[in-house]
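S.K.: need a 3D model of the sequence below.
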Amino acid sequence: MVHEMTTKDGAPFDRVQLESLMRRRLFYTPSFDIYGGVSGLYDYGPPGCALQNNIVTTWREHFVLKENMLEVDCTMLTPHEVLKTSGHVDKFADWMCKDPDTGEIFRADHLVEEVLESRLKGDKQARGQTVAVDEEDPKKKKKKVKNITAVKLDHAVVTEYEEVLAKIDNYSGEELGLLMEKYDIKNPATNGKLDPPMAFNLMFQTSIGPSSNLAGYLRPETAQGQFVNFQKLLEFNQQSMPFASASIGKSFRNEISPRAGLLRVREFLMAEIEHFVDPEGGKKHPRFDEVKDVELELLNREVQLSGKTTVETTKIGTAVETGIVDNETLGYFLARIQLFLLKLGIDQKKIRFRQHMANEMAHYAADCWDAELLTSYGWIECVGCADRSAYDLTVHMKKTGAPLVVREPRKEPLKIEEWQVELNKKEFGPKFKKDGKRVEAAIDALSQELREKLSLDLEKEGKIVVDVAGVGDGKVEVPKELITIEKRTRVENVREYTPNVIEPSFGIGRILYVLCEHVYWTRKEDEARGILSFPPTVAPTKVLIVPLSSHDDFKPFVRTLSDKLADIGISSRVDDSGASIGKRYSRNDELGTPLGITIDFQSVKDNSFTLRDRDSTKQVRASLDDICHAISNLVNGREHWDGVFARLPEFKGQEVD
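M.R.: Have a look, this model is predicted:
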């Protein structure tokens, strides 16, 4: 269960070094840092903002444009009634436990996980194996499980711990409490006994308007805005099914114990898709053939429930055919999610798809898979892909009466034999007076089976008895003079149904941080300085412009290059400091800048420039137009560096400190 993380080039991973780089170079910083910060809140600096924007742009191109999705931007403030209807008010919770002596709060599943993993590391140490230990951040007041004691465990205990960890997401609050009792799990800092786990709703509550009469929440997801606008989106899409809506925006969750930097925060950017599909016919997808041969590492629920975490490499076509993945549309998006992550630069060997177990399944989900990425913190969920069935549209329609359904002409009329009820309205009203509407509603709600039975009662006894809550003793007699129940044939020319929804949901901040871990490495000759090998498409800054010195002859060329790159939509920055060329390139390798242009005295003579590749440090020399053309190809993914290096003249030199 203890996973070893490596750098991009396979060396041991140093998280402290990477996080130091990210903070020092202002990828992110704790919010309100000069006031001591607030746990779970972070601000992005210039490179972090640029990286996030580039990830979002790639997401839009990969999903919204490719699939012709309907993008919407809905409000973050959500009335209580909406989230009560969706189930979030009652069910959107995690299990927390409290130290009654110190008042410290822990998330129960995380505490069990950390303690058992710490004991497994201690067992490895006792057996002479090297174990990576996270350094504690002195700014963090909360104590994590940091003291690993080298204690050898029985093989049976090791196996038992690993089985518990494999199923950690499947335990209820009561089960987590039993595990804490069984394994003597206490406050890691004080060894104090903790209260049993209790549910804690994760939504931030607020009030809307000056009178505070309208209760509301900061949304925990972007999905509800898409569901309540379904009918308008269907109309905008000319009543055509299937279709997908998409939304990118901030969501909020009041995490019990934020940890792991950007991986567990209280405010975060989400990108969510709601793909509306006809449930009749197996939820097919018209483009499934395009991805059926994509291979995924699948960890299904049966394997997890057996206490294992063994993945199986499976073509998504095979997974759908054998029923491991429920339907084509769900499978299609799993494959597309992997292709998107690979496009960003995520390491394919560090991706797996884990199926949710019964207890961890969201209240609305029929099936759900998480794209989990391996990090120095272990496997982290970064994308969820759920089959939400027809839950959301159904509950909102039932609550509001809004017709959140699809109506489409049938190819052939459908004849339906059914028991129909007719009321003698002239006499029905005067008979039941103020209770008339209740009695009529109860009769309309009668099932076909009950209508058939009551038709016999009507014929035999001349009356029927209907259950009507709140009227008399709850039993109402309706004589045959007021009602007719007959079997008739009805012809349906229009089919009406509630669509099912497949929802891929992306945590952009988590993907951003994991990407940084996956592309991080150091050169053997300079292990103190890290490199972030972002693909040119997502790198915060694409090009570094480096004049050889501050000589006045170079200034017009700096301006020309900057303008030329800006005109073709490519970001650049200039480093004209007094440091050597090598140092200037090296500190921009930390920022992940993939390309560098050097302006030297040869540039002044013939308007040629050198283009440097970050990862190989190789350089070519060519004219301004050829250099810009190559950069455009690299940034837009039309060409790789090997192709540029093969067709443009190599240049050697200037990579000197």
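S.K.: now do the buried residues in stretch 422-433.
M.R.: Taking 16 or more other C-beta atoms under 10 Å as the basis for neighbour counts, the residues of stretch 422-433 that come out buried are 423, 428, 432. From N, CA and C alone the C-beta is placed, and that goes for glycine too.
S.K.: who are the contact partners of the second one?
M.R.: Each residue near residue 428 by C-beta atoms under 8 Å, 6 or more residues apart in numbering is listed here: 436, 440, 482-483.
S.K.: so which of the buried residues of stretch 422-433 are in strands?
M.R.: Restricting those to those inside strands, with DSSP state E as the criterion, leaves residue 423.
S.K.: okay, the buried residues of stretch 422-433 in JSON lines with pLDDT and distance to residue 381 next?
M.R.: Shown next, in JSON lines, are those (pLDDT from 0 to 100; distance: C-beta to C-beta, whole Å):
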{"residue": "423", "pLDDT": "91", "distance to residue 381": "55"}
{"residue": "428", "pLDDT": "89", "distance to residue 381": "57"}
{"residue": "432", "pLDDT": "87", "distance to residue 381": "56"}
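S.K.: looking at the buried residues of stretch 422-433, which is nearest residue 546?
M.R.: residue 423 (86.4 Å; C-beta to C-beta).
S.K.: surely the closest one meets residue 439?
M.R.: No - using C-beta atoms under 8 Å as the test, residue 423 is too far from residue 439 to be in contact (9.3 Å).
S.K.: residue 56 - that's part of a helix, no?
M.R.: Yes - according to DSSP: H, G, I helix; E, B strand; the rest coil, residue 56 belongs to a helix.
S.K.: can you pull the contacts of it?
M.R.: The neighbourhood of residue 56, defined by C-beta under 8 Å, 6+ apart, consists of 248, 269, 271, 508.
S.K.: make a markdown table out of the residues you listed and add distance to residue 451, pLDDT and secondary structure.
M.R.: Shown next, in a markdown table, are the contacts of residue 56 (distance: C-beta to C-beta, whole Å; pLDDT from 0 to 100; DSSP: H, G, I helix; E, B strand; the rest coil):
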| residue | distance to residue 451 | pLDDT | secondary structure |
| --- | --- | --- | --- |
| 248 | 49 | 98 | strand |
| 269 | 53 | 98 | strand |
| 271 | 48 | 98 | strand |
| 508 | 53 | 98 | helix |
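S.K.: and which of those residues is nearest to residue 532?
M.R.: Top of the list for closeness to residue 532, among these and by C-beta to C-beta, is residue 508 at 17.4 Å.
S.K.: where's the closest one relative to residue 514, distance?
M.R.: Per C-beta to C-beta, to the nearest Å, residue 508 is found 11 Å from residue 514.
S.K.: please apply the same query to residue 247.
M.R.: From residue 247 to residue 514 the distance is 22 Å (C-beta to C-beta).
S.K.: of these two, which one has the most company?
M.R.: The residue with the greater number of neighbours, taking residue 247 and residue 514 and applying other C-beta atoms under 10 Å, is residue 514; the counts read 27 against 22.
S.K.: tell me if I'm right that that one and residue 378 touch.
M.R.: No - using C-beta under 8 Å, residue 514 is not in contact with residue 378; the gap is 11.4 Å.
S.K.: now the stretch 351-500 of the chain, which segments are flagged as low pLDDT?
M.R.: In the predicted model, the stretch 351-500 of the chain carries pLDDT under 70 at residues 362-364.
S.K.: do the chain as well
M.R.: Residues of the chain that meet the criterion pLDDT under 70 lie in 1-3, 131-148, 362-364, 654-657.
S.K.: try it again with 50
M.R.: When the per-residue scores of the chain are filtered using pLDDT under 50, the ranges that remain are 1-2, 136-143.
S.K.: could you tell me which helix of it is the longest one?
M.R.: helix 108-126 (DSSP state H).
S.K.: of all the contacts of residue 56, which comes closest to residue 415?
M.R.: residue 271 (45.7 Å).
S.K.: and the closest one, how far from residue 43?
M.R.: Using C-beta to C-beta, one gets 20 Å for the distance from residue 271 to residue 43.
S.K.: show me the strands in the stretch 351-500 of the chain, by range?
M.R.: Counting by DSSP state E, counting those that start in this stretch, the stretch 351-500 of the chain has strands at residues 351-355, 367-375, 378-389, 406-423, 463-467, 475-479, 483-497, 500-507.
S.K.: contact partners of stretch 31-40?
M.R.: The contact list for stretch 31-40, computed with C-beta under 8 Å, 6+ apart, reads 30, 41-43, 139, 142, 255, 258, 264-267.
S.K.: let me see the contact set for the closest residue to residue 381 other than its chain neighbours.
M.R.: The shortest distance from residue 381 to any residue other than its chain neighbours is 4.3 Å, reached at residue 370 (C-beta to C-beta, 6 or more residues apart in numbering). Under the criterion of C-beta under 8 Å, 6+ apart, the neighbours of residue 370 are 353-354, 356, 381-385.
S.K.: state the pair within those that is farthest apart.
M.R.: Of all pairs drawn from the contacts of residue 370, the widest gap by C-beta to C-beta lies between 356 and 382 and measures 14.7 Å.
S.K.: okay, these two: which has more neighbours?
M.R.: Set side by side, residue 356 and residue 382 show more neighbours around residue 382, with 26 against 20, by other C-beta under 10 Å.
S.K.: now name the helix or strand holding the nearest residue to the more buried one once chain neighbours are set aside.
M.R.: The spatially closest residue to residue 382, leaving aside those adjacent along the chain, is residue 510, at 4.5 Å (C-beta to C-beta, 6+ apart). Remark: residue 510 resides in helix 508-518, with elements defined by DSSP states H and E.
S.K.: helix or strand next in line after that helix, which one?
M.R.: Past helix 508-518, heading to the C-terminal end, the next element that is a helix or strand (DSSP H and E) is strand 520-523.
S.K.: in its sheet, what does that following strand sit against?
M.R.: Under the criterion DSSP bridges, strand 520-523 sits next to strand 526-532 (antiparallel) in its sheet.
S.K.: that older thread, if you rank the contacts of residue 428 by neighbours, which is first?
M.R.: Neighbours were tallied for each of these (criterion: other C-beta under 10 Å), and the maximum of 21 neighbours falls on residue 482.
S.K.: next up, the contacts around it.
M.R.: When contacts are counted by C-beta under 8 Å, 6+ apart, residue 482 is found next to 423-424, 427-428, 431.
S.K.: where does residue 262 sit: helix, strand or coil?
M.R.: Three-state assignment for residue 262 (three-state DSSP): helix.
S.K.: could you find the closest non-adjacent residue to residue 392?
M.R.: With sequence-adjacent residues excluded and distances taken as C-beta to C-beta, 6+ apart, residue 392 is closest to residue 227, at 4.4 Å.
S.K.: ignore the last one, residue 497
M.R.: The spatial neighbour of residue 497 that comes closest, neighbours along the chain excluded (C-beta to C-beta, 6+ apart), is residue 406 at 5.7 Å.
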